[in-house]
Every structure is written in structure tokens, then in C-alpha cells.
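> Need a 3D model of the sequence below.
(2 chains)
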Amino acid sequence: MDFTTLLNGAGSELFLAIAGLVGLTLGAIFRDSFITLSYRLAAFTLFIAAFIAVLTYEGGSAFNDLIVSSPFTNYIKIFCYSLAGLALLISDGFMSRHKTRRYEYPILFIFSALGMGLILSSANLMTLYMGIEILGLSSYILAAFNRDSPRSSEAGLKYFVLGALASGLLLYGASLIYGYSGSASYRDIAEFASSEDVSVGFIFGLVLMISGLAFKVSAAPMHVWTPDVYEGAPTPVVAFFATAPKFAGMGVFAIILFTVFGSLIEDWQLILVIIATLSMLIGAFGALAQTNIKRLLAYSSIANIGYATIALSVGMELGASPLLLFMTIYALTSLGLFAGVLAMRRSGGMVEDINELSGLYKAHPGLALGLTLLLVSIAGLPPLGGFWPKLRLLQISIEADFLWLAIVLVLSSVIAAAYYLRIIHVIWFKPALEAFEPVDRSVRLIVLVASLAAIGFLIWIGQIEALTDAAASSLS
Amino acid sequence: MLPDIVLLFIVLGPGLSALVAGFGKPFWGDRFAMLVTTVTVCTAGILSLYQLFAYAFGGNGAEEAVHVAYAAEAAHASKAFDPYIITLMNWVDVAGFKADWAIRVDALSIVMMAVITSVSGLVHVYSWGYMSDDPHRGRFFTYLALFTFTMLMLVVADNFLQLFFGWEGVGLASYLLIGFYNQKASANDAAIKAFVTNRVGDFGLALGIMGIYFLFGSIEFGPVLNAIQDNAILTPLALVEAGPVQSLTIDFIGLNINALELIGVLLFIGAMGKSAQLFLHVWLPDAMEGPTPVSALIHAATMVTAGVYLVCLMSPLYEYAPGAAAMVTVIGALTALFAATVGLAQNDIKRVIAYSTCSQLGYMFFAAGVGAYEAAMFHLFTHAFFKALLFLGAGSVIHGNHHEQDMRNMGGIWIYQKFTYISMLIGTIAIIGLGLPFTKFGFAGFFSKDGIIESAFSASLLGVPYASMAFWAGIIAALLTSFYSWRLIYMTFHGPRASDIAGTEAHAQAHSDDAHGHDDHHSHGPFTPHESPAIMLIPLGLLALGAIFAGVLFYDPMFHHSEAFWAGAIYHSADNTVIAGIDAMKYKGGYEWVFWAPLFVTIIGFLVASFTYYFNRGIGKTMADQGGPLHSLFYNKWYFDEIYQASFVKLTRGLGDTLWKIGDKKLIDGLGPDGMTRLANWGARRISAMHTGFLYHYAFIIIGGVLLFGFVFFIVNGGTS
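Residues are numbered from 1 along each chain as shown, chains lettered A, B, ... in the order given. You can find the predicted model right below:
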């Protein structure tokens, strides 16, 4: 195994692993004086990792095929790493104001990114589980990072306990699959799955794995942790949770369902349809009754995962490219929206009630406009970015004869539009309350980037679609 | 023919001037708006009058025209519809559906252009005086010019879409001008009434146009009219089997009827609305709420004749749709008679003239209905002058009498307004059609109205259905016309001053009774009428010239020997020899009485009016006060308004109420938006309640989900694999 192949197959993961370890060492040596540097360095590291993923876009295999990367995985990785880096950028101000600015925080971001890279590139159930645990453990700590706050601790604990449950399900499923097929390698399992020997136990293993993965991407009915964790965890952490791991999780979902168990589509299709339907409905209705903006966005992310699950349930040929397209714009928009939540700071500290957004247009007109664009985009109103992927989803669900999914998609989009519009209403039309505190420059930047992306999608949708098509075609 | 650029100016100039005036008014004031529009429209008027004369009498026009006419004596014009067209711009060009902005120049449009721009120009000039104390005169002139433009667009259209544009445009301008005194509730009501009534007609017109498109696959006049003339084999777009156009049938509300008949009827419904024919006439008298120059221009001379123009333009269609033509005849004849009876009993000077307009339009329609399109157009042409003259004269009287419109409060003012009196007299003589049969001595109305009556008789000899009924209706209406016209003259200009008899109370009383008092600028009380300023009298004089000479000048080219004049624009089928038949009646004897009858009844009308309103002035008033059934029937306009109120308006309101309260509020809102919102909120509460925050609930849900998936998987597989 020469160095070039290794780098092609697992370059970004290797880089992240080394960077994380080095950072940890530096932190142990320099302690508090390393904190400021660690934030900058870690963000830089994440962007470099994204850049490495760009350089090694074509991918390759490494570690005896335990890790196999392709344009599909690299496309997702580029976004995951960048999103993690951006989320780290907007964390700085928040964490220092909450007196929880520690050097471990950025390093946990790096390890989460490593976990995402691993699960995407894994070609073996063992690697997959390892990646999931790296990502999961980092996430649990991040959720509870503000450990003096009971809400944050509670969120971390809930996430941890339920995450352990999900890990158990996943592991149980993986062991069943291994037991029946006799191999943990994706390729062997795929071969077995298309043979005649497929038995009930094997497929039940798949069902359990689907449940475990559904937990990771917070798809209904395994979504139950999401509102509580989103509400309790520090906002920048939530901004991270809602974007990068979701994207990575959906990518892994796609790889496992499409490539490993693609021949068993008839067995898992209906389950995915149920997941999609439940997620869309729970996400839409759940958000309607919320007054806490973080909870609302939690339900919104559940609904959006439901939309993306449509792309999963129609199978690889139709679904792979729209999945990437949808998750790309969703992740960018979501990050922008959470950055907007970070701007909700009044003299008493952070506020999270939706009505606290009132008067934003007076205090920060540019920010208000950006958030409005993002909300309109995520609601799926033409012509902004969010409209096109949704249109594609509608199209493929009709092409695949899932009229039911198309109807639920439209209905839930209509309901979702109601609560997105409610936020816009508060921003522009409710009388202003007390003054806002100034907004961090990084937050403004993220909102600007995200809203530009929402507009850019409208303009370059053709090119982006060509990119996702190409990436999706590498999946097989 | 005029150069293209001049035609362009005639048609587009008024439109541009309306734009410039409308947008320039805030910056440069009312006077600017008035000046721009007046100069433009008057120039256009002079140019198009020149065009008319050149076309009728000019070098290549007159001799050749007369020559051809004699050569083609009693023959029918079978020339194809192929007018000179200036295409300005493509408008719609989708598959077969093509419509251009164009200027069509043929006899019809030349006549209409001349009428519109010349009367409009005079009305513009007149309005300088009449509207001199109105604070919104700039707006008024803008509307007038806008009207002129849209009316011109209507008459120069070479397709139905542009025609429809003009048709709706004049409707809009008419609405704006009727409601010009928008601080008056009655004016607003009248404007809305005009608009709504026209909607009914326009619906018919739109359906007709759609029918034409379905049938012919085109809405351009050329292909449509020529296809009808040639009885071309058509492959309609929809609804109808292919076949020769004149025998196509169409399924419409469950009946299988001739397609041309259907289209003819639908188009005529449109014409009825615009031209205030019976059943759709109710808006015209109320439209008198508008300023008097508007009544003269829009509601007498031009817009209301659009329906007549449409029917004449569609002459090939009506030639081969005898049923539709019969409907035109019957409605026209009934309107002529009906409106004349109502005119007998009205006291508002403008309403009398309005009903007279209605009645004259009836004449034009039954002329077109029996196949004498030339007669209809000829009467349209002459009528424009004397009816505008009457209205402007009435306006002058109103102006001079401090906005008094009730004739009962006038009387004896000829002393004060001699010029107006003489003009009105000329207008009256023109409308009653005084003239000597078998000679060329007569006022304008003599030539055109008698032409219509003779045409109707000639058509009845040919066996055209309802033609004899139309003839008798025309004779009786002529009698009534004479009576109410002279009644107007006597009540307004002769006798003692009303204020001398009854003092001021009667005057004030009448004012409060009459909701149509003009405006409140003037205090009421004894006053001396005064003659209007010269700027109002000059248009009267010019129109009086038209009322005297328009008939005798254009009798030959437009009516009597009109083959060359109308060639290509008006079509006659082979058996339509109505016009030629008149000469046959004239010179072959036995029918002299037909020619004398109109004069006879006119004189009777004059004598009766003189007897009751001049020599025995009290009789008319006594009759009115007794309120016999006939009088109240006429006075209340045959109760049309009341009947419509009780039937259509009530019914529509009731239906609307029901649909709103039950259909919309309860059903659609209840099950739709409101119900859905309730459902969504209910769902939201249930879902929120599901997320309790307890870890063991969550774990339970997750495990439940796994079990659900397992269950689904077994159902799908049937446990077989």
C-alpha cells in the first residue's frame, strides 16, 4: 500500500485524525493559552480537510478496502467539513459569552468530522460502527458542553442514552448481517444479498440497521431526541448537529441502502416510505405548536429529513442525485437559520422565543433580509434555491409511482410554509421589543453566505445538478 | 387615400395626447391638458373629414364611383373583403391565433373616423366653455381624448381582438365619464349601471368572438368574412364537423343550430349592450349623469353606434344568418318604438334626447336587419351630427339656466338664447326628417331616416321577415319623434317663463325632486337665462351645418348609388336587392304613399305638439298630472328598471348572499382554510404532546418504531423469504 493510494483513499480522514491528536497534545501542554488559537486552527484544519477532499475527489481505496472513497462520498465530505468549520466559526462568540470557551471544543469538532469522514468512506461494517461511535461520542459531549447549564446537561444525557440505544440497534443489526452473510465487508454482503440465500434474519438485521441510522439522521419515529437536544444544547452546536452530521448520515444511508442492499429494495422500500411519511407529518405538525425557535427548527429539520428520505425510498437511479441536491441546499440554509438564532441576543442574554425576533428588521435590516430569504427558500417557495430540490423530489416521487409521498410532501410543505411565514411575520411586522445586542461578524457572514447560496442555487441550479448527477453516478 | 403617416396620426394622436395630457397635467396644469387634446383631436377631425370627402367625391372616387354604381345598377357587391391595412405591430401570434395592431382603411372605417374625430373635436372645443368652471377639467379632457382613441381603435381594427380592445376601451372611457362628477352618488350609480349592463352585452360579444375562432380558426376579419362570402369548406377547431361554412351546425345549450346564426345572435347581443337596444337599454338614460358634452359625444354620436357599425361590418355574416338578422330587425324596431314612447313623457331635457337616441339607434338596427346596411350607416353618419347638435344645444340651455335640466322649469328662453334656439330648431327639424319627397330638399334626417323606412318597405316586398313590421314601427316612431321633439322645443324655449308663474318654490321643489340636478356650484333662485359664450356656440353652428347638409351631400355616394362607395366593406348576397328596390318603387308607381307617409306623420306630430304645448300650454301638464295608465307607463320607462330590480338584481343578490354565507363561509371556509387550520392545530398539539421529555417515553417510541418496521417487513414479505 503506497502512500499515494492511501492519500487518495483516506487523505482527509488521516489528516483530521492527526490534526485532532496534535491539537489534543497542544491543548494538554498549553492549556488556556491555546484556546483562541485552537478555534482558529481547528476551523482552518476543517477547511483544509475539505480542500483535501476536493483534491482527492476521484477517491480510491485504502486499508485493505476497509475504506473506499468515491466522488459521492467526497462531495458530501466537502460540505460536511466546511459546514463543521463554519459552525465552529460562529461558536467562538457564543462560547466565550457563556464562559465555556475551552480548547476541547474545537477538537471535538475535528473528531466529529473524522467520524463523518469514516462513516462515509467505510466499506466495512466495522469501520462504519467505529465512525458512528466517534461521531456519536463527540456529539454527546458537544451537546452537554455547557455543563453548568442543567438544560445542556440534560440534553447531552438524553442524547447519550438514546444514542446508546440506537448504537445497540445498529450493532445488533450489523451482527445479524455478519452472522448470516459471513462477512463484514460491504462487497461481500452485497453479493450475498443478491444471492438466493437471503433469509429472514438477514433482512431483520437490515431493518435494525435502518432503525439505527434513522436515529442518527433524526428521522421519525427515531427522531424523539431531536427537539429536546436541540433546545438544550448550545446553539452553535445545534447549528452543527442540524447540518453536517445529517448530511453525512443521509449519505451513509444512501450508500448502505443503494449499494449494499440495493438488490433487496422491495424489502426495505416500504419501511423508508413510512419513515418519510412520518417524518414529514411529524415535522410539519410538530413545528406548528412551538414557540421556542430552536425546537421549531428541530421539527423543521425532521420534516426536511423526511423530504430527503423520499429520495432514498425511490431507489438509486432516481434518488441519489436529488438526495445530494436537496441535502446540500438544506444544510446550507439550516446553518444560516441557526446563525440567525445566534443573533437573537438582548441585554439579558440569549433569547429563544420566536416573538423575540420582533423588530429585527429595524436593528439589523441586512440580517433580517437574509433570514427572510433563507426562510422563504427552506419553505420551498419559487424561485429561491429551496424550491428546485423540492421540485425534483416531487418529480421523482411521481415518477416512481409514490403518489402518496408526493401528496404528503406537498401538504407538509404547505403546513411548513405556515410556520416559516410566521417567523417572517414576526421579523417584519411585530412591534419591536427592547434593543438587540450587536451581532458577531461571523454570524453575519454565515447568514450572508447562506442567503447568497440560496440565490446562487437559483442561478446555477443546472451546474450544481450536473455535479450531483456525476457524484451520484459514482455510487454503485 | 391619405398617406400612412397621417392615418397613423389620426388614430394614435388622440391616444398620445391623452397620455401627455394625463401625465403632464400635474406639471403644466389643466390648460395644458385641454390645449394638447383639443388641438390634436381637432386636427385629426379636419384630416379625416378631408379623407371622407376625398373618398366620396375625389378624383378617383366620385366619377368612377358614380360610373361603377350606374353600371352595376341593381347588381350586388360581391367584391371580396380586402381593405387597405397598415400593420402597426404584432400583438398575438400563437399557432393559428393571430392578431395585429392595425389600421384598416375602407369605407366603413373612413366614415366612422370622420364622425368620431369631427364630433369629438367639436365637443372638445365646446367643453372649453361648458367645463370652464370645473376644477377637474384637465382630467375631463384626458378622458375625452382617451375615449376618442379607443373608439378609433375599435373602428380601424382588422381583427376581433383589437375590436374587442376598443370595445372595452370605450366602455371604460364611458364609465369614467359618466361618473365624472364622482362626488355625486347618482353619477357613480349610473356609471356602475352602464358598466354592468355592458358586461352582459360584452359577454355575448366575447362568446361570439370565441365561436368565430372555433369555427374559422382565425379572428382576422379578412379570412372570416371572405370564408363566409365564398361559402368555403371549413375544418373548425372544435365543436363542429367540417363542411361548407354556411351550413355548419353547432351544439349550443342542447340545441343544434346553424353556427352562423349562433354567432350572429351572440355578436348582436354585444351590439345591443353597447348600442342600448331594448332589454339592455337601461343604462343609456342614466348615463346622462355625465357632463353634457359627454352625452353628445359618447352617448349619442359615437360609442352607442358601435353596435350598428359591428352589424354592418359583419354584413356577410348577417346575409347568411337570416334568423339572426330577423332578431336584429325585431329588436331594432321594438326599440325604435319603445324609446319613442318613453321620450313622450320625460321632463328632463337630456333624458328626452337620450331616449330619442335610443329610438334612432333602433332605426339603424332594423335597417341593418332587413339588409339595408348602407341605410344604417348613412343614418349613423347624419344622426351623429344632429344628435350631437341637440345635445350640445341642450347643454347650452343647461349652462345658460344655471344647471337646470327640468323642462317644466324652463320656458320662454328663446329670447335669451337666440343662437342656441335656432341651432336646436335646426337639430329638431333634422331629426324629424323634414324634406320634400322625390326632391333633394330636406334636412339630414330626411334623407337617412326616410331611406331606412323606404328600405324596410322595399325589404318587405322582397319578403324579408318582419320587414313590414319594422316599416310600420318606423312610421309610428316617426310620428312620436316629431311629437316629442317639438314638445321639447316648446317646453324649453316657448311659453311664459316657468319662474314667472310659480315663483321660486316650483323651481326649488323641482330641484329637490329631481336627483339629477347638475351640481351645487350655483345658488338656486330667480335668475335670468343667458346665452352661452362663443366657444360653445361655434361648435353648435358647425354641427348645424352638418345637420342641414350631411344628408343631401352624401345621399348619393353613401346610400343611393353607393356600390362603389361601400365596395368591399359592405356585402350583399345575390338576393338582397333592398336598396335597388327603392328606386323601382319610386319610378314604377303604385308606392308613392310610402314616400309621403313619413312626412305626413311628421306633420301630424308637429301639429299635435303645437296644439298641446304651444297653443294650449296647460294640456300637457294636465295630462301628466292626471297620471293615466299610459302616461305612467311611459313616464316610468315601461317599468324596466323596476322589473330588473325585482328580478335580476334581487335574484343575483339573493344568490350571492346564499353562496357567500353558506357556500363560502360555511362550506369552503369551514372545510377549507378554517377547517384545515383547526385540523393542523389539533395535529400540532397531539404531536407536541407526544414529545413529553421523558427518556423512557422516547425509548419506548424508538423501540415501537423498530417493531413497526419489523412488522411491516413481515407483512411485505409474507414471511416467505
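> What is the burial count for the residue of the stretch 1-150 of chain A found nearest chain B?
Residue nearest to chain B within the stretch 1-150 of chain A (C-beta to the nearest C-beta): A:P150, separated by 12.8 Å. For the C-beta atoms, the positions are set from N, CA and C on the backbone; glycine is no exception. Using other C-beta atoms under 10 Å in any protein chain shown, A:P150 has 10 other residues around it.
> C-terminal to the helix or strand where B:I429 lies, which secondary structure element comes first?
Assigned by DSSP states H and E, B:I429 belongs to helix B:418-432. Next helix or strand after helix B:418-432 toward the C-terminus (DSSP H and E): strand B:435-436.
> right, and the helix or strand after that next one?
Criterion used, DSSP H and E; the element after strand B:435-436 is strand B:441-442.
> list the contacts for the closest residue to chain B within the stretch 351-476 of chain A?
Nearest to chain B, among the residues of the stretch 351-476 of chain A, is A:I415, at 5.6 Å (C-beta to the nearest C-beta). Taking C-beta atoms under 8 Å, 6 or more residues apart in numbering or on different chains as the criterion, A:I415 is in contact with A:284-285, A:288, B:680.
> Which of the residues you listed sits closest to A:W460?
A:A284 (29.2 Å; C-beta to C-beta).
> Can you report how many residues neighbour that closest one?
The burial count for A:A284: 28, using other C-beta under 10 Å.
> ok, back up a step: just the ones of the contacts of A:I415 in helices?
If you go by DSSP state H, the contacts of A:I415 have A:284-285, A:288, B:680 in helices.
> Save those residues as TSV, and put in distance to A:T100 and pLDDT too.
As requested, these are arranged in TSV below (distance: C-beta to C-beta, whole Å; pLDDT from 0 to 100):
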residue	distance to A:T100	pLDDT
A:A284	34	90
A:F285	34	90
A:L288	33	87
B:A680	38	83
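> what's the spacing between A:I203 and A:I177?
9 Å (C-beta to C-beta, to the nearest Å).
> What about residue 331, how many residues nearby?
Defaulting to chain A. By other C-beta under 10 Å, the residues close to A:A331 number 27.
> should've been chain B
Using other C-beta under 10 Å, B:I331 has 25 neighbouring residues.
> Spit out the contact partners of it.
Applying C-beta under 8 Å, 6+ apart, we find B:I331 in contact with B:268, B:272, B:277-279, B:362, B:365.
> Just the element for it, please.
Per DSSP H and E, B:I331 falls inside helix B:322-345.
> Show the contacting residues for residue 462.
In the absence of a named chain, this looks at chain A. Counting by C-beta under 8 Å, 6+ apart, A:G462 has no contacts.
> The chain in question should be chain B.
So B:L462 contacts B:575-578, B:581 (C-beta under 8 Å, 6+ apart).
> For A:L165, state which of those residues is nearest.
Looking across those and measuring by C-beta to C-beta, the closest to A:L165 is B:N576, at 95.5 Å.
> Doesn't that closest one lie inside a strand?
No - membership of B:N576 in a strand is not supported by DSSP: H, G, I helix; E, B strand; the rest coil, which gives coil.
> Identify the residues contacting the residue nearest to it when sequence neighbours are not counted.
Spatial nearest neighbour of B:N576, excluding adjacent residues (C-beta to C-beta, 6 or more residues apart in numbering or on different chains): B:G371 at 4.6 Å. Contacts for B:G371 were tallied using C-beta under 8 Å, 6+ apart; they are B:318-319, B:325, B:455, B:459, B:464, B:572, B:576, B:578.
> and what of B:L543?
B:L543 is in contact with B:119, B:122, B:385-386, B:388-389, B:392, B:423, B:427, counting by C-beta under 8 Å, 6+ apart.
> Between helix B:418-432 and the helix or strand hosting it, find me the angle.
B:L543 is part of helix B:534-554, with elements assigned from DSSP H and E. Helix B:534-554 runs at 30 degrees relative to helix B:418-432, counting by axes from the mean of the first three to the mean of the last three C-alpha atoms, to 10 degrees.
> Which helix or strand lies directly C-terminal to helix B:534-554?
That would be, after helix B:534-554 and using DSSP H and E, helix B:563-566.
> And that following helix, what does it pack against?
helix B:62-71, helix B:107-130, helix B:373-400 (3 or more C-beta pairs under 8 Å, 6 or more residues apart in numbering or on different chains; DSSP states H and E).
> one step back: quick one: mean pLDDT over the helix holding B:I331.
Helix B:322-345 carries an average pLDDT of 90.
> just stretch A:41-53 next, same as before
94.
> number of nearby residues for B:Y644?
15.
> so who does it touch?
B:V282.
> Check the spacing between B:S573 and chain A real quick.
Per C-beta to the nearest C-beta, to the nearest Å, B:S573 is found 56 Å from chain A.
> Doesn't that residue belong to a strand?
No - counting by three-state DSSP, B:S573 falls outside a strand, being coil.
> just to revisit the earlier point, got the buried residues for the helix holding B:I429?
B:419-421, B:423-432 (16 or more other C-beta atoms under 10 Å in any protein chain shown).
> one step back: so which of the contacts of B:L543 comes closest to chain A?
Closest to chain A, out of all of those and judged by C-beta to the nearest C-beta, is B:V119, at 51.5 Å.
> does that closest one really touch B:A384, like I thought?
Yes - counting by C-beta atoms under 8 Å, B:A384 is a contact partner of B:V119 at 5.6 Å.
> Quick check: neighbours shared by the two?
Shared contacts of B:V119 and B:A384, counting by C-beta under 8 Å, 6+ apart, come down to B:301-302.
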